[in-house]
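> here you go, sequence then predicted model.
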Amino acid sequence: MANTRDAKTLGEVIREARTPKGSLREFAKRLDITPSYLSDIENDRRVPAEDVLRRIADLLGLDFDELMAKAGRFGEDADRYMRRHPTAGVLFRQLSESNLADDDLAKLLKKAEELAKKRGGQK
């Protein structure tokens, strides 16, 4: 499951995806942000807001969840969910303390996706 992008920072992933598609100024304009803000993001000096990360992911064809994780963000929906379901926060703390390997985390993620599909099918 691990790939070379896993070891890269948020800024490195964005810059590598953006560079073949045009200049920093052109891309910043498409994102409706300043070139200096984009430069700060690509040089890991600033963490973009969730809506900016969504636009970056959409324009560059990157995985939004991966960018959110690299930014250290959970997202507003996840924050609300953890407030409504404290057990989710306990689960996350236990996961972070267990220091599981990526393949173990991938198995848990797959199980969560299966549970979500199963629950969605019962509606």
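Received it, and whenever you're ready, just let me know what you need.
> which of the residues in stretch 53-70 are buried?
Applying a neighbour-count criterion of 16 or more other C-beta atoms under 10 Å, one finds L53, R55, I56, A57, L60, L62, L67, M68, K70 buried in stretch 53-70. Placement of C-beta: from N, CA and C, glycine included.
> again with stretch 81-93
Across stretch 81-93, burial judged by 16+ other C-beta under 10 Å covers M82.
> how far is that stretch from where the chain is centred?
Offset of stretch 81-93 from its chain centre (C-alpha atoms, centre = their mean, to the nearest Å): 19 Å.
> just stretch 107-116 next, same as before
18 Å.
> can you point out the buried residues in it?
Of the residues in stretch 107-116, none count as buried by neighbour count, 16+ other C-beta under 10 Å.
> give the rounded mean pLDDT of it.
Across stretch 107-116, the average pLDDT comes to 92.
> with stretch 48-62 instead?
The average pLDDT within stretch 48-62 is 96.
> go on, stretch 15-24?
Across stretch 15-24, pLDDT averages out at 96.
> quick one: buried residues of it?
Within stretch 15-24, the residues scored as buried using 16+ other C-beta under 10 Å are R15, A17, R18.
> I'm done for today, thanks for sticking with me.
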